[in-house]
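> please find the sequence and the predicted model below.
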Amino acid sequence: MRRKIIIATTVLSMILCLSLLGYSVYAHLNQSFSISNTIGFNPSQNVYVSLECSVSGARQLQTTDIPDGYTSLDDYFEDMGFIHKEEFNSEDKILNKPQILQNWQIRESLEFIDFETPIVYTIRVYNYSDMAIKISVEDYVTSSSYFVNTPSEPVVIEGLKQGQEPSWKEITLTTNIKDRTNGFQEEKNDFKILLETVD
């Protein structure tokens, strides 16, 4: 009788251990990772630009179905802030008014597709200024337990020449998950884009 009890408790212990192992593997494979964003723009005096901003590598951008209430995926992406545009207003330049650039507000927390795929923010800048401008990423998160940010090198865009189309360049900020075993939700990943004139 005693032997049966020992065998039964051993078998039960093994089943519990296997269940716990299976649950931990399941939990590990089903970690979720998401970040929230507001991106600001800091133009210096005499900077006039148009912006085309987009984000890639987020789970929300994998959809091919147009959500209810939208006529296209682009409308949905723009409304959610996955796409952001700022148009140059020639009147500001004529009147020598400083250009006001709105924050790029991403309205939904971005979910990583998986721990290997980074989320990439791309900012394309068209220079309508009379002089060259330098574009760089600043005030980004440098010490997080959850993710790592890698900005691209600053770029210089030549000034607008009479009768020509404006020159443009792109900069990026790439965000990678630091620890695949440590899930996180809605961690802040705000940063700014500095636009300054070059003498």
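Yep, it's here.
> how close does the closest residue to Asp139 other than its chain neighbours sit to Asp79?
Nearest non-adjacent residue to Asp139, counting by CB to CB, 6 or more residues apart in numbering: Lys192, 4.5 Å away. The C-beta positions use only the backbone N, C-alpha and C, and glycine is treated the same way. For Lys192, the distance to Asp79 equals 23 Å [CB to CB, to the nearest Å].
> do Lys134 as well
Distance from Lys134 to Asp79, by CB to CB: 32 Å.
> and what of Thr71?
Using CB to CB, we find Thr71 at a distance of 11 Å from Asp79.
> more neighbours, the two?
Shown here are Thr71 and Asp79; by other CB atoms under 10 Å, Asp79 has more neighbours (14 against 8).
> just the helices from the protein, written as ranges.
Listed in chain order, the helices found in the chain under DSSP state H are 2-29, 73-80, 90-94.
> lowest average pLDDT across the ones you listed?
Note on those: helix 2-29 shows the lowest mean pLDDT, a mean of 58.
> quick test: name the residue nearest the centre of the protein.
Tyr121 (4.6 Å; CA atoms, centre = their mean).
> return the helix or strand in this structure with minimum mean pLDDT.
helix 2-29 (a mean of 58; mean pLDDT, DSSP states H and E).
> the residue nearest to Asp139 contacts Thr38, doesn't it?
No: at 9.5 Å, Lys192 does not count as touching Thr38 under the criterion of CB atoms under 8 Å.
> what bridges to the residue nearest to Phe112 when sequence neighbours are not counted?
Nearest residue to Phe112 in three dimensions, chain neighbours excluded: Phe33, at 4.2 Å (CB to CB, 6+ apart). With DSSP bridges applied, Phe33 shows beta-bridge pairing to Phe184.
> doesn't Thr181 make contact with Phe33?
No: the pair Phe33 / Thr181 is not scored as a contact, 11.0 Å apart, by CB under 8 Å.
> quick one, which of the two is more surrounded?
Remark: of Phe33 and Thr181, Phe33 carries more neighbours, 25 against 8, as counted by other CB under 10 Å.
> which one is Thr38 nearest to, not counting chain neighbours?
Asp190 (5.0 Å).
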